[in-house]
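> pasting the sequence and the predicted coordinates here, then a few questions.
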There are 2 protein chains.
Amino acid sequence: MVRINENFLKLKAGYLFPEIARRVNAFADQNPSAEIIKLGIGDVTEPLPAAIVAAMHSAVDELASRDTFHGYGPEQGYSFLRDAIAEHDYKGRGVNVSADEIFVSDGSKCDTGNILDILGTGNRIAITDPVYPVYVDTNVMAGNTGEADADGRYGDLVYLPVTEENGFVPDLPTEPVDVIYLCYPNNPTGTVASRETLQQWVDYAKQHNSLILFDAAYEAFVSDDNVPRSIYEIEGAREVAIEFRSFSKNVGFTGVRCAFTVVPKDLKVKISSGDEVALHQLWNRRQSTKFNGASYVVQKGAAAAYSSEGREQMKQLIDFYMTNARLLREGLEAVGIRVFGGVNAPYVWLKTPNDLSSWEFFDLLLEKGHLVGTPGSGFGASGEGYFRLSAFNSRKNVEAAIERFKTAIG
Amino acid sequence: MVRINENFLKLKAGYLFPEIARRVNAFADQNPSAEIIKLGIGDVTEPLPAAIVAAMHSAVDELASRDTFHGYGPEQGYSFLRDAIAEHDYKGRGVNVSADEIFVSDGSKCDTGNILDILGTGNRIAITDPVYPVYVDTNVMAGNTGEADADGRYGDLVYLPVTEENGFVPDLPTEPVDVIYLCYPNNPTGTVASRETLQQWVDYAKQHNSLILFDAAYEAFVSDDNVPRSIYEIEGAREVAIEFRSFSKNVGFTGVRCAFTVVPKDLKVKISSGDEVALHQLWNRRQSTKFNGASYVVQKGAAAAYSSEGREQMKQLIDFYMTNARLLREGLEAVGIRVFGGVNAPYVWLKTPNDLSSWEFFDLLLEKGHLVGTPGSGFGASGEGYFRLSAFNSRKNVEAAIERFKTAIG
């Protein structure tokens, strides 16, 4: 008799975004004339940069002719893209990552989930709270947690609160953990980690033989030169950390699908025999066996982001969204809201006024301002009393939203 | 201390295609003037159909403008593609599969590997021998096997030989198995399963509460109306089978990347509490959490394969490759080789002459004919003494290859 993975049954049925959709739809049904502005999900709105559009057209044309046709590509990604990444994202910034340590994929969501394939059972997992839900749910599926409690916290997971009280800097765990998820610039709080904070984590990982899974999907939004954009800017990180990056937000690839994961060759783990195994070798085997490379057309588009034209257009796109973030911050502060993030990240994290719960504030904004954001409690119990707004929107919508804050909250 | 998945260490280091590449490169180094023709890997060679090229260009243009931009799509795939699949691949052939039972992805290799995420530990797995290596390797990684023996057979896996002796029809297992991989039209043997054979398997699965993983990546190459193209043409299959399909071979998407998996809602499994759980629900949760949809541009291209123009162009492409297959069959038979497959599948499976081993025949073809094929033993111990040739090539290469067979073997 076939057995299913019963860990899936531990997953809580109600997921954040479906519940938001349910409330928005109910409101829209009762208020058909209301023009609702959505500042919730972190999906981009602006068109692809022209250099990328041109490269994708050109790649499609290549596939239209026998002489330039491309079939199966390398599972790890084409050299033209891996080389460009190594050159511009790492070497150009003085960071030691070689092209063959870069694995191109169709998304960071996939990679941050799939990475658990190469990790064993019995690892103690630490996440920050609030957190990107995929880290939690994939560990539930993999059997690394117990059941969820009434607050939605899963047994055996180590939650590291990040709140206004600790300045959104997680304390080191008081019990040893084996795997630590860190996301900087952070989703959902929009905050960043200093060099010193990251050094502490790398030192912790070295001391405890732990693995850091570093999600840098939003690194392009860092404008402050003192803020690290890669974990590999930190001494010793090549021995303890895997880094995930994405083209989703910097060049608008949420629907195009391209990302990459860096597994340094220095990252080795002791196995039960006492020998050491390189995670690079395991991930290479995982990807070769269970993945067939990202689309050629998509990889050609991603590579164009590194041309001089592409880099300029990427910068303009990021500036556009970061101006949105600044306007949102200023607009909220003008009506007396305490705001975090939004300086080196496209998310603004706010403390709800009058001690409203996250969902109470959600309902207030929806009813009085016809605005949709994301309740902080949806990202974890420590997100209660907070709220996330996304800077991914048109300027017109952002400006209209700011006016509506005044009506709804002011 | 972080623990890795030590099941990966059971995987045999030498994989089939790297070994082929090594021997070919060594030969080419010593014979720099030899023009080597590769009939090995099953990668397509012909350009994308014009209707698909046009649709992909149009999709890229949509992403170039704010008004028509698409960000995150549904993880399960866009309705325009799922509806087209349900209509043309199933309903149009009298098969009951609804659009919401279809999960679009970036590849069948991914899906046939990832499906193990929703299955539990302790399942007894059956595969045919020879077999597509991904089924084996992903089960090794998932811990469903023991160590490999000297022949490369893994402990705890149930191997079902398919050879000339049993007409390439696997016998039902003599011990109960929980999961059965079936691939028809078959890779590597190019043979097909009759309706009666598949009915036996469905009946077996129902009797033993087993799950059939049915890989139909080559269904478009079936020309015989009596040969089932979907497992769901078989009575009762909706309760026991998952079907995998791909755009890789029928419209040349090996580098473009699109596939789909069908999980019928009638497919339910009893869990330890005694309740039943629908695998549809689990796969939907797996894909929503660990996947972010196939590229919009790619899905638009795939959908164009179902337009009247696209269907005509797909038919021409398949006819082209199947003419190659026929020429290969006839050319081999003319020099006295016993040939199987290649009638309803793009692979020709041949018995090596003079009791040569698969690798001996490989070396002979390479040295005397400058031809590269795939040793049958690379697909499993029961493939020893057989050899695979792929019909995916230009006509010119196929015709030249046939001439060279005469020299090398005739």
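Structure received.

> chain center to stretch A:58-76: distance?
What separates the centre of stretch A:58-76 from the centre of its chain is 30 Å, taken as Cα atoms, centre = their mean, to the nearest Å.

> and it, which residues are buried?
A:Ala59, A:Val60, A:Glu62, A:Leu63, A:Ala64, A:Phe69, A:His70, A:Gly71, A:Tyr72, A:Gly73, A:Glu75, A:Gln76 (16 or more other Cβ atoms under 10 Å in any protein chain shown). From N, CA and C alone the C-beta is placed, and that goes for glycine too.

> name the next helix or strand following the lengthiest helix in chain A along the chain.
When secondary structure is assigned using DSSP state H, the longest helix within chain A turns out to be helix A:308-334. For helix A:308-334, the succeeding helix or strand toward the C-terminus, using DSSP states H and E, is strand A:338-341.

> ok, and what's touching that following strand?
A:164, A:168, A:185-186, A:189-191, A:329, A:332-333, A:347-351 (Cβ atoms under 8 Å, 6 or more residues apart in numbering or on different chains).

> and the helices in chain A?
Ranges of helices within chain A are A:16-30, A:50-63, A:79-85, A:108-114, A:133-141, A:195-208, A:279-290, A:296-304, A:308-334, A:358-364, A:395-408, based on DSSP H.

> how about these in a markdown table, adding distance to chain B and mean pLDDT?
Shown next, in a markdown table, are the helices of chain A (distance: least, Cβ to the nearest Cβ, whole Å; pLDDT from 0 to 100):
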| stretch | distance to chain B | mean pLDDT |
| --- | --- | --- |
| helix A:16-30 | 10 | 91 |
| helix A:50-63 | 4 | 98 |
| helix A:79-85 | 13 | 98 |
| helix A:108-114 | 4 | 98 |
| helix A:133-141 | 5 | 97 |
| helix A:195-208 | 7 | 98 |
| helix A:279-290 | 4 | 96 |
| helix A:296-304 | 4 | 98 |
| helix A:308-334 | 11 | 98 |
| helix A:358-364 | 21 | 97 |
| helix A:395-408 | 11 | 95 |
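
> returning to what we had before: just flag the most distant two among the buried residues of stretch A:58-76.
Largest separation among these by Cβ to Cβ: A:Ala64 and A:Gln76, giving 25.8 Å.

> which neighbouring elements make contact with the longest helix of chain A?
helix A:50-63, strand A:338-341, strand A:347-351, helix A:395-408 (3 or more Cβ pairs under 8 Å, 6 or more residues apart in numbering or on different chains; DSSP states H and E).

> deepest of the ones you listed, which one?
Ranked by mean neighbour count under mean count of other Cβ atoms under 10 Å in any protein chain shown, the helices and strands packed on helix A:308-334 are led by strand A:347-351, which reaches a mean of 25.

> excluding its backbone neighbours, what's nearest the residue most central in space within chain A?
By Cα atoms, centre = their mean, chain A has its centre lying nearest to A:Ala217, at 4.7 Å. Nearest residue to A:Ala217, sequence neighbours excluded (Cβ to Cβ, 6 or more residues apart in numbering or on different chains): A:Ser246, at 4.3 Å.

> neighbours around that neighbour, how many?
27 (other Cβ atoms under 10 Å in any protein chain shown).

> quick one: it from B:Glu384, how far?
Distance from A:Ser246 to B:Glu384, counting by Cβ to Cβ, to the nearest Å: 45 Å.

> ok, now A:Glu384?
In terms of Cβ to Cβ, A:Glu384 sits 63 Å off from B:Glu384.

> so how far is B:Glu276 from A:Leu282?
36 Å.

> who's more crowded, those two?
Comparing A:Leu282 with B:Glu276 by other Cβ under 10 Å, the one with more neighbours is A:Leu282, at 23 against 9.

> can you tell me how far the more buried one sits from A:Leu81?
For A:Leu282, the distance to A:Leu81 - Cβ to Cβ - is 22 Å.

> domain-wise, how is chain A divided?
Chain A breaks down by automatic domain parsing into domains covering A:12-47+A:309-408, A:52-307.

> could you identify which of the ones you listed is most buried?
domain A:52-307 (a mean of 20).

> list the contacts for the closest residue to chain B within the stretch 301-410 of chain A?
Relative to chain B, the nearest point of the stretch 301-410 of chain A is A:Ser394 (7.3 Å; Cβ to the nearest Cβ). Listed by Cβ under 8 Å, 6+ apart, the contact set of A:Ser394 reads A:Thr45, A:Glu46, B:Arg66.

> now for the nearest residue to A:Asp215 once chain neighbours are set aside: which residues touch it?
Nearest residue to A:Asp215, sequence neighbours excluded (Cβ to Cβ, 6+ apart): A:Cys183, at 4.0 Å. By Cβ under 8 Å, 6+ apart, the contact list for A:Cys183 reads A:Thr128, A:Val131, A:Tyr132, A:Phe214, A:Asp215, A:Ala216, A:Ala217, A:Tyr218.

> so the last one touches A:Pro346, yeah?
So the one you mean is A:Tyr218. Yes. With contact defined as Cβ atoms under 8 Å, A:Tyr218 reaches A:Pro346; the gap is 6.6 Å.

> overlap of the contact sets of the two?
What both A:Tyr218 and A:Pro346 touch, as defined by Cβ under 8 Å, 6+ apart, is the set A:Lys249.

> format the contacts of A:Cys183 as TSV; extra columns: pLDDT and distance to A:Arg153.
Listed next are these as TSV, based on pLDDT from 0 to 100; distance: Cβ to Cβ, whole Å:
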residue	pLDDT	distance to A:Arg153
A:Thr128	98	13
A:Val131	96	11
A:Tyr132	94	16
A:Phe214	98	23
A:Asp215	98	21
A:Ala216	98	26
A:Ala217	98	24
A:Tyr218	98	25
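
> could you dump these into JSON lines and include distance to A:Val177?
Listed next are those as JSON lines, based on distance: Cβ to Cβ, whole Å:
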{"residue": "A:Thr128", "distance to A:Val177": "12"}
{"residue": "A:Val131", "distance to A:Val177": "14"}
{"residue": "A:Tyr132", "distance to A:Val177": "18"}
{"residue": "A:Phe214", "distance to A:Val177": "15"}
{"residue": "A:Asp215", "distance to A:Val177": "17"}
{"residue": "A:Ala216", "distance to A:Val177": "20"}
{"residue": "A:Ala217", "distance to A:Val177": "22"}
{"residue": "A:Tyr218", "distance to A:Val177": "24"}
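
> just checking, which of those residues belong to strands?
A:Thr128, A:Phe214, A:Asp215 (DSSP state E).

> now do the last one against chain B, distance only.
In this structure, A:Asp215 and chain B are separated by 14 Å, where distance is defined by Cβ to the nearest Cβ, to the nearest Å.

> now the second one
Taking Cβ to the nearest Cβ as the criterion, A:Phe214 is separated from chain B by 14 Å.

> surely that residue and A:Leu182 touch.
Yes. The pair A:Phe214 / A:Leu182 is scored as a contact, 5.3 Å apart, by Cβ under 8 Å.

> not counting sequence-adjacent ones, nearest residue to A:Leu11?
Leaving aside its chain neighbours, A:Leu11 sits nearest to A:Val140 (5.4 Å; criterion: Cβ to Cβ, 6+ apart).

> next up, the contacts around that neighbour.
Applying Cβ under 8 Å, 6+ apart to A:Val140 gives the contacts A:Asn7, A:Phe8, A:Lys10, A:Leu11, A:Tyr154.
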